[in-house]
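In: sequence plus the predicted model coming up.
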Amino acid sequence: MLPLIGSSPSEMGGIVVDLADPERALAVAYAPRDLQPGLTALFALDERLGGIVASTTEPMIGLMRLAWWRESIEKLGTAPAPAEPLLGALAGVSAHGVSPTSIAECEDGWAALLDGDLDAETIARHGRKRGGQLFLSAARLLGAPEEGMEAAGTGWALADLGHRHSDPQIRAEARAQARAALAALGGRRWPKSALPLAVLALLATRDAKDGGVRRQGAPNRLFRLLALRLFRR
């Protein structure tokens, strides 16, 4: 579901983690420098969990791998991080006041894709738990207002699913739900502290349109992100 499309490294406490998606890497660059490693770690977790789902041929095995990540993240608040670079970076995120339990909630959104049939309710769960929880955790890290973040993250995740999934009916349902979630934001003006998330929500609004073709990392998409930073629109 999340193919490798390039790489952007970031370091937290001597631990280097990479992002595969150039659009998320650009979004991270809009965060204050001291918070960029933490934001990178949150996005990298989403990529890691997505990679597990994409490579899984036996749903039960995939669910077990996802559960390992959830349990390992939840323990970050009470025990030293294992010798896994991404977990070490996520421990640094929790040091900024984002609870490990909150971060781990993203796992449930990915598990939804392996846990039975993908009906409308399950698709909604994927969007809310994957994207909504990710954006809420990122907002807490950035010190941004949480209002609207769950809807924005939900729309972002569902727009992504609307391009990634192989089943056209699931893609259509995901895009429809994405449009509804993003429409709930209205014409809000994003605060500067939330700019890294605003740029992703902007692209998601375009991606949620029916019949659209997405080419992640294409120059016109990256230019649109740069324009948002320059003009805050």
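Out: Sure, I can see it. Since we're looking at a predicted model, the values are computed, not measured. Numbers count the residues shown, from 1 in each chain.
In: got the residue ranges for the helices in the chain?
Out: For the chain, the helices defined by DSSP state H occupy 22-28, 36-55, 59-74, 85-94, 100-104, 106-111, 120-126, 133-142, 149-164, 168-183, 195-207, 219-231.
In: who touches stretch 122-137?
Out: 42-43, 46, 49, 93, 98, 102-103, 105-110, 112-113, 115-116, 146, 149-158, 160-161, 170, 173-174, 177-178, 181, 197 (CB atoms under 8 Å, 6 or more residues apart in numbering). Bear in mind the C-beta positions are built from the backbone N, C-alpha and C, glycine included.
In: separate out the buried members of the residues you listed.
Out: 42-43, 46, 49, 93, 98, 102-103, 105-110, 112-113, 115, 149-158, 160-161, 170, 173-174, 177-178, 181, 197 (16 or more other CB atoms under 10 Å).
In: identify the residues contacting Leu185.
Out: 148, 151-152, 155, 201.
In: can you rerun that using 7 Å?
Out: 148, 151-152 (CB atoms under 7 Å, 6 or more residues apart in numbering).
In: show me the shaky parts of this structure.
Out: Residue ranges of the chain with pLDDT under 70: 1-16, 210-218, 222, 224-233.
In: tally of neighbours for Pro145?
Out: 12 (other CB atoms under 10 Å).
In: isn't it right next to Arg189, touching?
Out: No: Pro145 is beyond contact range of Arg189, at 11.5 Å (criterion: CB atoms under 7 Å).
In: got the contacts of Leu185 as a markdown table, with distance to Leu141 columns?
Out: Output for these, formatted as a markdown table (distance: CB to CB, whole Å):
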| residue | distance to Leu141 |
| --- | --- |
| Gly148 | 16 |
| Ala151 | 18 |
| Ala152 | 15 |
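In: which one of these sits closest to Ser55?
Out: Ala152 (28.0 Å; CB to CB).
In: and that closest one, how close does it get to Gly88?
Out: Ala152 is 28 Å from Gly88, where distance means CB to CB, to the nearest Å.
In: swap in Pro82?
Out: Taking CB to CB, one finds Pro82 at 8 Å from Gly88.
In: the more surrounded of these two?
Out: Neighbour totals were compared for Pro82 and Gly88, and Gly88 leads with 20 against 12 (other CB under 10 Å).
In: how near is that one to Ala95?
Out: 11 Å.
In: Ala184 now?
Out: On the measure of CB to CB, Ala184 and Ala95 end up 32 Å apart.
In: got it, and Leu35?
Out: 12 Å.
In: next: Leu42.
Out: 13 Å.
In: what does Asp115 give?
Out: Applying CB to CB to Asp115 and Ala95 gives a distance of 32 Å.
In: please name the residues that touch the closest residue to Glu74 other than its chain neighbours.
Out: Closest residue to Glu74 apart from its sequence neighbours, by CB to CB, 6 or more residues apart in numbering: Ala104 at 4.9 Å. When contacts are counted by CB under 7 Å, 6+ apart, Ala104 is found next to 70, 73-74.
In: just Leu42 next, same as before
Out: Neighbours of Leu42 in contact, by CB under 7 Å, 6+ apart: 93, 103, 134, 137-138, 141.
In: which two of those have the greatest separation?
Out: So, the contacts of Leu42 by CB to CB: farthest apart are Val93 and Leu134, at 11.6 Å.
In: how close does Cys106 sit to Leu161?
Out: Relative to Leu161, and taking CB to CB, Cys106 is found at 14 Å.
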